[in-house]
Each structure stands twice: as structure tokens, then as C-alpha cells.
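Chemist: Provided below for reference: sequence and predicted model.
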Amino acid sequence: MGKQHIPYLLAALALPLLLAGCSTNASNPCDEPLSGEACRQERLLYQNDMLQAKLLIASGDLANYELAEALLARSMEKDVRGEASFYMALLKIKEGPQVDEVLPLLEKAADAGQPYAVALLYKMWSEPFLVEQADPAKARQYLEDYGNLDVAKSGYPSFEKATALVNSLLSEPPAVVGQPAQP
């Protein structure tokens with residue numbers, strides 16, 4: 001049933017968080033384990049909130065979405081990479097497409113350099129997805145924007161991998177209260 005896909009989805013959701021840890025500056029006291037710095041504690045709480053929110057979204061259970069939304073809302077004030085905005089947009093899509101809320105969240109995340117937000121915006125305007133009509137010019141612009149991201153210049157994740165991850169995150173059916181996700 002739906003539970004067979006959860007380990008793969010959880011791995012896909014955790015990957016950006018793990019990769020983000022690889023890009024931090026180790027000389028920063030906020031990154032040093034057991035440093036006792038207040039900023040370290042704040043960073044750990046932010047990472048915990050993001051991880052919990054991703055797991056709750058991946059569960060596919062609508063009853064978990066309220067807590068996921070609260071965790072993401074709390075994370076947004078400390079979110080500099082657009083990760084919280086991206087997952088809030090994903091949550092809104094899973095709850096039932098709310099384009100008027102999703103687009104600003106994705107644009108905010110893309111402006112912060114979140115590669116999956118840029119890939120999702122490309123998908124939206126190229127297919128179309130969540131919008132009534134495709135806009136090839138906007139789609140091309142997001143593809144070009146992706147190429148200018150630091151992660152794209154390093155080669156990971158490639159645009160193809162980013163779009164594949166976005167598609168897998170969106171492939172889970174919308175949640176229904178009290179029911180596990182369907183395959």
C-alpha cells in the first residue's frame with residue numbers, strides 16, 4: 001500500500017537537508033557541536049522543525065498537516081535558503097491546490113535559491129501544472145534561473161534530478177483525514 005513508498009519519499013525529503021549541512025562553514029561557532037552558542041541551539045531547532053515537517057508531509061495523512069504547517073511557519077523566519085517556503089508550498093498543493101498561496105511561496109523560495117522551487121515553477125509553467133495555461137517564456141526563464149544557482153554550477157542536483165524529485169514529491173495522492181496515503 002502507501003507505506004511502501006514512504007522510505008523512498010522520506011529519503012528524498014531528507015536529502016536537501018543533508019546536502020544543506022554539507023555547504024555550511026565549519027568555522028562558524030553555530031556549526032560546532034556542543035559549542036554552547038545560542039545560535040547553535042536555534043539552528044538545531046530549525047533543522048528539527050524542518051525534518052519533522054517533511055516527515056509529517058510525507059506521511060500523507062491530512063491530520064498531520066496542521067502540525068507540519070505550524071512547524072514550517074515557525075521555521076520561515078529563520079529560513080534563508082527558501083526551504084521552509086518550498087515545503088509550505090508543497091503542503092498547500094497536497095492539501096488541495098491553492099495557487100494564490102502556492103505561487104508567492106514558490107517565488108520566495110526561488111528568490112532565495114531553493115533549487116526544488118525553481119524546478120517546480122518550471123514544471124508549473126511548462127506543462128501547465130496548477131495554472132490554466134502554459135507560459136513557455138516563464139518556463140524558459142526558470143530553466144535559465146536554475147542554471148545560475150550555485151547548486152547547478154556544482155552539478156548537484158542536476159536540473160533533471162531536481163525535477164525528478166519534485167515529480168516524486170507531487171506523485172503522492174492528496175491526503176484524506178485519518179487515511180494513510182494511497183499508492
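Modeler: Thanks, I have it.
Chemist: contacts, neighbours, all on C-alpha from now
Modeler: OK.
Chemist: what is the rounded mean pLDDT of stretch 32-45?
Modeler: For stretch 32-45, mean pLDDT is 81.
Chemist: name the residues of the host helix or strand of residue 74 that come out as buried.
Modeler: Using DSSP states H and E, residue 74 sits in helix 62-76. Neighbour counts using 16 or more other C-alpha atoms under 10 Å place 62-65, 68-69, 71-73, 75-76 of helix 62-76 among the buried residues.
Chemist: any chance of these in JSON lines with distance to residue 116 as columns?
Modeler: As requested, the buried residues of helix 62-76 are exported to JSON lines (distance: C-alpha to C-alpha, whole Å):
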{"residue": "62", "distance to residue 116": "23"}
{"residue": "63", "distance to residue 116": "25"}
{"residue": "64", "distance to residue 116": "23"}
{"residue": "65", "distance to residue 116": "20"}
{"residue": "68", "distance to residue 116": "19"}
{"residue": "69", "distance to residue 116": "19"}
{"residue": "71", "distance to residue 116": "19"}
{"residue": "72", "distance to residue 116": "16"}
{"residue": "73", "distance to residue 116": "19"}
{"residue": "75", "distance to residue 116": "18"}
{"residue": "76", "distance to residue 116": "16"}
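Chemist: could you list the low-pLDDT ranges of the protein?
Modeler: 1-29, 34-36, 172-183 (pLDDT under 70).
Chemist: that one: helices as residue ranges?
Modeler: 6-22, 38-59, 62-76, 83-95, 99-111, 115-126, 136-148, 150-154, 159-171 (DSSP state H).
Chemist: with distance to residue 32 as extra columns, can I get these in CSV?
Modeler: Output for those, formatted as CSV (distance: least, C-alpha to C-alpha, whole Å):
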stretch, distance to residue 32
helix 6-22, 12
helix 38-59, 7
helix 62-76, 21
helix 83-95, 22
helix 99-111, 27
helix 115-126, 26
helix 136-148, 30
helix 150-154, 24
helix 159-171, 30
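Chemist: what's the closest of those to residue 31?
Modeler: helix 38-59 (6.3 Å; C-alpha to C-alpha).
Chemist: so for that closest one, what gets flagged as buried?
Modeler: 40-41, 46-47, 49-59.
Chemist: closest to residue 97 out of those residues?
Modeler: For those, the nearest to residue 97 is residue 57 (14.8 Å; C-alpha to C-alpha).
Chemist: so the closest one touches residue 63, yeah?
Modeler: No: between residue 57 and residue 63 there is no contact under C-alpha atoms under 8 Å: 10.0 Å.
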